[in-house]
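**Student:** Pasted the sequence and its predicted model underneath.
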Amino acid sequence: MTSVNRHFYVAIMAGGIGSRFWPYSRTDYPKQFLDILNTGKTLLQWTYERFAQFIPEENIFVVTHHHYVSKVKEQLPDLLTDNIVSEPSRKNTAPCIAYISHKINKQDPKANIICAPADHLIMDAIAFASTCLNALMFVQKHSALVTLGIKPTRPDTGYGYIQFETQQVSDNVYPVKTFTEKPNLELARTFLQSGDFLWNAGIFVWNVKTILTAFSKYLPEIDELFVQNDALLNTPDEKKAIESIYPQCTNISIDYAIMEKADNVYVIPSNFGWSDLGTWASAYENLDRDDSGNAVQGKNIMLVDAKNCMIKAPQEKLLVIQGLDEFIVVDTSDVLLICKKENEQQIKEYVAEVKRNKGDKFL
């Protein structure tokens, strides 16, 4: 697939700390920079390569925390240095998207932008490219905020859900009825049965003018900060401007700030082998497993009467594990985590507890 349109852009969001993958993912080396599935490439590298198939190289941006700029350079040597956009602090996705949208708008007022996380797994890159191009061509012609929805395969309580109208407005593009944050199991089962709910993949597509209009309407206090500093974007003074803007920004997601309020939101039901790789259980689902259902990463792991476990250890370290069923075991040089799979959503809480009791040393 060749570069199709000089007005097509992507902003890869790569600033998170991936705390649910602790202790493998750490603050100084989060999951987007790791090869979680032993593929030979990191999640960020896979994400960049997927987009490079159909977005012009000069139009690929990576937005990341300033601590990670050198890691992005190291892992993506083909990425233009000016296209690594540095955030001074983590303020969730709305300020991040406001920043990159104002920056790209100054460069190309006709831009159509995909905003996508750096740490998702997508198995079918061709289907993904086709879906993205369909979305880009739609937003080029319509004042629409588009999100990619994934056809659910199980009643998962870890994802947000999107309900859509059954009448399409364009090829496989449907108006969104409602957004629902992570539901309980009973509600998730109802959603699955109804057939008009999709998982929210957190991948967004829009024309730059459309998203900036939405910011001015639904998040004016953040939009105004960027408008006031517009003349400094794409100049040597940009860094200084952003360092004064970010402390004033609310910490809020684009979903809450705009997508759940706007009336021009559409969804494209998609099927390209997606996982947000948000948890160890999602990694487990995407790894090869032995006859007892164990997914093992490490050369010297010996299992006795263990089944359905996710086990990761340093290559040379010997682990002998007996009698565990449905556990996550992650061993690093300084931390050992042993956790029931069913409790993995609590790993974030364990990390907070470690921070309270032990400081940042193990984070």
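**Tutor:** That came in fine, so what should we check first? Residues are numbered from 1 along each chain as shown.
**Student:** Next, find the distance separating the residue nearest the centre of the chain from residue 22.
**Tutor:** Central residue of the chain (Cα atoms, centre = their mean): residue 117, 2.8 Å from the mean position. To residue 22, residue 117 is 18 Å away according to Cβ to Cβ, to the nearest Å. Where you see a C-beta, it was placed from the backbone N, CA and C, and this is true even at glycine.
**Student:** before we move on, what about residue 267?
**Tutor:** 32 Å.
**Student:** Please verify my assumption that residue 223 contacts residue 214.
**Tutor:** No. With contact defined as Cβ atoms under 8 Å, residue 223 does not count as touching residue 214 (9.0 Å).
**Student:** out of these two, which sits in the more crowded spot?
**Tutor:** residue 214 (24 against 20; other Cβ atoms under 10 Å).
**Student:** and the helix or strand where the more buried one lies, what does it pack onto?
**Tutor:** Assigned by DSSP states H and E, residue 214 falls within helix 208-218. Using 3 or more Cβ pairs under 8 Å, 6 or more residues apart in numbering; DSSP states H and E, the elements in contact with helix 208-218 are helix 93-107, strand 112-117, strand 145-150, helix 220-228.
**Student:** what's the closest non-adjacent residue to residue 101?
**Tutor:** Nearest non-adjacent residue to residue 101, counting by Cβ to Cβ, 6 or more residues apart in numbering: residue 211, 5.2 Å away.
**Student:** And residue 36, by the same measure?
**Tutor:** Per Cβ to Cβ, 6+ apart, closest to residue 36 is residue 283, 5.6 Å.
**Student:** would you say the one you found is within a helix?
**Tutor:** Yes. Judged by DSSP: H, G, I helix; E, B strand; the rest coil, residue 283 forms part of a helix.
**Student:** Settle this for me: it is touching residue 34, isn't it.
**Tutor:** No. Residue 283 is not in contact with residue 34 according to Cβ under 8 Å; the separation is 10.5 Å.
**Student:** so what's in contact with the two at the same time?
**Tutor:** Taking Cβ atoms under 8 Å, 6 or more residues apart in numbering as the criterion, residue 283 and residue 34 both touch residue 21.
**Student:** pLDDT at residue 153, what is it?
**Tutor:** What the model reports for residue 153 is a pLDDT of 86.
**Student:** Name the secondary structure element that contains it.
**Tutor:** Under the assignment here (DSSP H and E), residue 153 is part of no helix and no strand.
**Student:** What is the neighbour count of residue 91?
**Tutor:** Residue 91: 22 neighbours (other Cβ under 10 Å).
**Student:** Setting aside sequence-adjacent positions, which residue approaches residue 289 most closely?
**Tutor:** Counting by Cβ to Cβ, 6+ apart, residue 289 lies nearest to residue 295, which is 4.9 Å off, once chain neighbours are set aside.
**Student:** how much space between that neighbour and residue 326?
**Tutor:** Here residue 295 is placed at a distance of 12 Å from residue 326 (Cβ to Cβ).
**Student:** Can you pick out the residue with more neighbours from those two?
**Tutor:** More neighbours surround residue 295 than the other of residue 295 and residue 326, with 21 against 15 (other Cβ under 10 Å).
**Student:** list the contacts for that one?
**Tutor:** For residue 295, the contact set (Cβ under 8 Å, 6+ apart) comprises 283, 284, 287, 288, 289, 309, 310, 311.
**Student:** for residue 72, helix, strand, or coil?
**Tutor:** helix.
**Student:** so it makes contact with residue 78?
**Tutor:** No. Between residue 72 and residue 78 there is no contact under Cβ under 8 Å: 11.5 Å.
**Student:** more crowded one of these two?
**Tutor:** Legend: neighbour count by other Cβ under 10 Å for residue 72 and residue 78, higher for residue 72 (25 against 9).
**Student:** For the more buried one, list the residues it contacts.
**Tutor:** 14, 44, 62, 64, 79, 84.
**Student:** One more pass at 10 Å, please.
**Tutor:** Residues near residue 72 by Cβ atoms under 10 Å, 6 or more residues apart in numbering: 12, 14, 32-33, 44, 48, 62-65, 79, 81, 83-86, 118.
**Student:** now swap in residue 14 and tell me
**Tutor:** Going by Cβ under 10 Å, 6+ apart, the list of residues near residue 14 reads 30, 32-33, 43-44, 47-48, 62-65, 68, 71-72, 75-76, 84-85, 87, 96, 116-119.
**Student:** So it versus residue 159, what's the distance?
**Tutor:** 21 Å.
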